[in-house]
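Asks: what follows is a predicted protein model with its sequence.
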Amino acid sequence: MTRSWLFCPGTRPDRLTGAAAAADVVVAELEDAVAPGDKAAARAAVAAWLAGHPDLAPRVWVRINDSTDLEALAGHGIAGVVLPKAELAGVAACGDFPVFALVETAAGVQELPELARHPAVTAVGLGEYDLAAELGVAPPALTGNDGPLAWARAQVVVAAAAAGLAPPPAAVSAELADLAGFRADTLALQRAGFFGRMCVHPKQVALTHEVLVPSAEEVAQAEEALRAAENSGVAVAGGRMVDAAVVRRARRVLAPAGTPRTTAEQLIEEDQQ
């Protein structure tokens, strides 16, 4: 499963190559990170970068403004498009592109079950800053899953699972100074049903990757559960009952691949210097 989605402004195609080296997925940004007067130039720059990096294109998603951006992206072999303020009408306008439905409106939240089941949608997630602004609630903070948008987070997790999609990535955080807080927040969100995170800085990517590496204790417990259940539907391991739900959890613990590019402690120490 995808651990990290790193957003880069389309006006800076020079950053896309580096982003591809750091993150599992690169999101070339044509929407919020691009000034209105620079939209056309950003669209052309992203298309030119894609043409020059066909090997990286399958790991690139492009956050579009609307369907007018699609023509420039056709034929480049990208993974799909990130649809901002995703609602059913907008998904239908994306043509043959796979869609990451980024839900940022109250209407989108209400449509989540239908959005997640739409045949074009391969992933769902929340755009929490826009959603908070529309709802008039406090903007996202490093609060794990106990803030004012916890209910919306639960809905996107449930909608993805019900539709058979991969767990959604946790939402972007604009907090770049408190790396320790970002790490703790990301870990809390994984426990709330998310997997990985949308990021705006390579340091956030490294921290997200590290959070997803299970501890030695977690690995040992998961392996013990799988061994206990190997020849029986229900077993006991470490004094705990092992049933089908525990087995699914154990497999998920053991699923994340890769090791962090740097440790959280190093990044946090660097940030504090």
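Replies: Perfect, I can see it now.
Asks: ok, now how distant is Ala86 from Pro113?
Replies: Here Ala86 is placed at a distance of 13 Å from Pro113 (C-beta to C-beta, to the nearest Å). Just so you know, the C-beta spots here come from the backbone N, C-alpha and C atoms, and that holds for glycine as well.
Asks: break down this protein into its helices, ranges please.
Replies: Counting by DSSP state H, the chain has helices at residues 14-22, 39-52, 70-73, 88-92, 106-110, 112-117, 128-135, 150-162, 179-191, 202-211, 216-229, 244-254, 264-272.
Asks: send the alpha carbons of the fourth one over as PDB?
Replies: Okay, so that is helix 88-92. What follows is helix 88-92, C-alpha atoms only, in PDB (Å, rounded to 0.1, in the frame of the first residue of the first chain):
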ATOM      1  CA  LEU A  88     -20.100  12.900  -7.800                       C
ATOM      2  CA  ALA A  89     -20.600  15.400 -10.600                       C
ATOM      3  CA  GLY A  90     -16.900  16.200 -10.700                       C
ATOM      4  CA  VAL A  91     -15.800  12.600 -10.800                       C
ATOM      5  CA  ALA A  92     -18.000  12.000 -13.800                       C
END
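Asks: between Ala86 and Pro113, which has more neighbouring residues?
Replies: Per other C-beta atoms under 10 Å, whichever of Ala86 and Pro113 has more neighbours is Ala86, with 27 against 12.
Asks: what's the closest non-adjacent residue to that one?
Replies: Nearest residue to Ala86 in three dimensions, chain neighbours excluded: Ala101, at 3.8 Å (C-beta to C-beta, 6 or more residues apart in numbering).
Asks: point out where the stretch 101-250 of the chain drops to low pLDDT.
Replies: 231-243, 245-246, 249 (pLDDT under 70).
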